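S.K.: need a 3D model of the sequence below.
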Amino acid sequence: MKILILINDAPYGTEKAYNAFRLAMQIQKDHPENEVRIFLMADAATCALPNQNTPNGYYNIERMLKSVLNKGGQVKICGTCADARGIKNLPLIEGTQWTISFRKLCFLPLYLYSLCFSTPGRIRTLNPLIRSQMLYPVELRALVYFGCRTYRFWI
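M.R.: All right, here's what the predicted structure looks like:
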């Protein structure tokens, strides 16, 4: 089975990225036959930057990302999101790759199995005049499969 995990929150500050990487690592450990793919978008694009220094005893997203990559996982970063944050020209953790935009992903079949770590059912910026259409297009929806039903959530 192919499993896609979408992350769109900053690596530190909340534990959304931490929990997403923890889930990916646990899936790889318990079910090594499954293919884990992670897509970093919005503020999560900074998860792929190298040389992250955290205090002792605190989780380190760089180490977690490398662990997922070492076990055969794939990690891609939204190039449009990185451009908007001014990090497009910075080096990445080895093994991660830029993509042009979310809509042009060819390696992520969303219909297989998606897990979202965000706010299902709504977007983070509710005012359409503030929200950037480039960063938060209306078409970004993830399918989440539970048992025999498929649900559609907004990212």
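S.K.: flag the shaky bits of this structure, pLDDT-wise.
M.R.: 100-155 (pLDDT under 70).
S.K.: what helices and strands are in contact with the lengthiest helix in it?
M.R.: The longest helix of the chain (DSSP state H) is helix 16-30. For helix 16-30, the packing partners by 3 or more C-beta pairs under 8 Å, 6 or more residues apart in numbering; DSSP states H and E come out as strand 2-7, strand 35-40, helix 61-70, strand 114-117. In this view, the C-beta of every residue, glycine as well, is placed from N, C-alpha and C.
S.K.: between the first one and strand 35-40, how many degrees?
M.R.: Meaning strand 2-7. 20 degrees (axes from the mean of the first three to the mean of the last three C-alpha atoms, to 10 degrees).
S.K.: quick one, strand 2-7 and helix 16-30 angle?
M.R.: Angle of strand 2-7 versus helix 16-30, following the same axes, to 10 degrees, is 160 degrees.
S.K.: for strand 2-7, list every residue counted as buried.
M.R.: Residues 3-7 are the ones in strand 2-7 that count as buried (16 or more other C-beta atoms under 10 Å).
S.K.: quick one: strands adjacent to that strand?
M.R.: Using DSSP bridges, the strands paired with strand 2-7 in its sheet are strand 35-40 (parallel), strand 114-117 (parallel).
S.K.: any chance of the helices and strands packed on helix 16-30 in TSV, with distance to residue 90 too?
M.R.: As requested, those are exported to TSV (distance: least, C-beta to C-beta, whole Å):
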stretch	distance to residue 90
strand 2-7	18
strand 35-40	14
helix 61-70	13
strand 114-117	23
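S.K.: compare the ones you listed and give me the one nearest residue 86.
M.R.: Nearest of the helices and strands packed on helix 16-30 to residue 86, taken as C-beta to C-beta: strand 35-40 at 15.6 Å.
S.K.: wait, a helix at residue 75?
M.R.: No. Going by DSSP: H, G, I helix; E, B strand; the rest coil, the assignment for residue 75 is strand, not a helix.
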